[in-house]
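Colleague: what follows is a predicted structure for the sequence shown.
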Amino acid sequence: METDENIRERLTKMREALGKVDICRIDLIGVDLSGIDLSGENLNNVDATRVDLSASNLSRSLLRVSNFSNANLMESDCSFAILTFSTLYKANLTRASLIGADLSGATLVKSDLTEADARNSILDFANLSGSNLSKINLNNARLIQADLTGTNLSGSDLTGADLTLSSLIDADLSNAKVKRSQLSRAWTKRTLTEKTIWINE
């Protein structure tokens, strides 16, 4: 059985020799790949359950229909990555960069996106129910029909975010920045807005 270091070395040598990574037949489940550079790689349909990709570079990578359940992506760079229909159940995305990333249809249930930068990201039809989105930057993000039920959005920046038909039922918007008109297009039953910072229309 390969050690984490052997897998890391194989991926690095492959990238240097071929200019790309071939992940076929490489088991990434639970592997420590923290700090690795996989930017621009094709990692579609990968099972990376419990993988440690903290502080890694995944910018502009293709990560469609991949499984990152319980993965550690803390402080990783996923800017402009394509994560459509991927599973990130209970993933740690604390302080991760998701700028311009496409997470349409992705499952991020009970994930931690505290202080993540998700400006201009696409989260249409994504399921983020029960997730911690405190202090996340969702400036100009698209969350059309996203499920944000029971999320912690306290201190978040929702300036310019499209929340059309999204579910904010039981969500906490304390100290979040948002316009009233944005919420008028969303489902807001029992949404906590007592301390919301309302942006002028």
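Modeller: Looks like it arrived, so ask away.

Colleague: now find how far off-centre stretch 67-78 is within its chain.
Modeller: Between the centre of stretch 67-78 and the centre of its chain there are 8 Å (Cα atoms, centre = their mean, to the nearest Å).

Colleague: just use 489 as the starting number from now, easier for me
Modeller: Will do, 489 is the new start, and the previous item becomes stretch 555-566.

Colleague: what about that stretch, average pLDDT?
Modeller: Here stretch 555-566 scores 98 as its mean pLDDT.

Colleague: who touches that stretch?
Modeller: The contact list for stretch 555-566, computed with Cβ atoms under 8 Å, 6 or more residues apart in numbering, reads 522, 527, 534-547, 549, 551, 574-586, 589. For glycine as for every other residue, the C-beta is placed from the backbone atoms N, C-alpha and C.

Colleague: filter those to the buried ones?
Modeller: 522, 527, 534, 536-547, 549, 551, 574-586, 589 (16 or more other Cβ atoms under 10 Å).

Colleague: related to what we said a few turns ago, looking at the contacts of stretch 555-566, which are in strands?
Modeller: Among the contacts of stretch 555-566, the subset assigned to strands under DSSP state E is empty.

Colleague: tally of neighbours for L611?
Modeller: Other residues near L611 come to 29 when the count uses other Cβ atoms under 10 Å.

Colleague: for the chain, give me the ranges with low pLDDT.
Modeller: 489, 505-507, 510-514, 688-689 (pLDDT under 70).

Colleague: name the single longest helix found in this structure.
Modeller: When the chain is parsed with DSSP state H, its longest helix is helix 492-506.

Colleague: name the residues that touch it?
Modeller: The contact list for helix 492-506 (Cβ under 8 Å, 6+ apart) reads 490, 508-511, 514-516, 519-521, 524-526, 529.

Colleague: again with stretch 646-653
Modeller: Outside stretch 646-653, the residues within contact range by Cβ under 8 Å, 6+ apart are 626-634, 664-667, 670-671, 673-675, 687.

Colleague: any buried residues in that stretch, and which?
Modeller: Within stretch 646-653, the residues that qualify as buried are L646, T647, G648, A649, D650, L651, counting by 16+ other Cβ under 10 Å.
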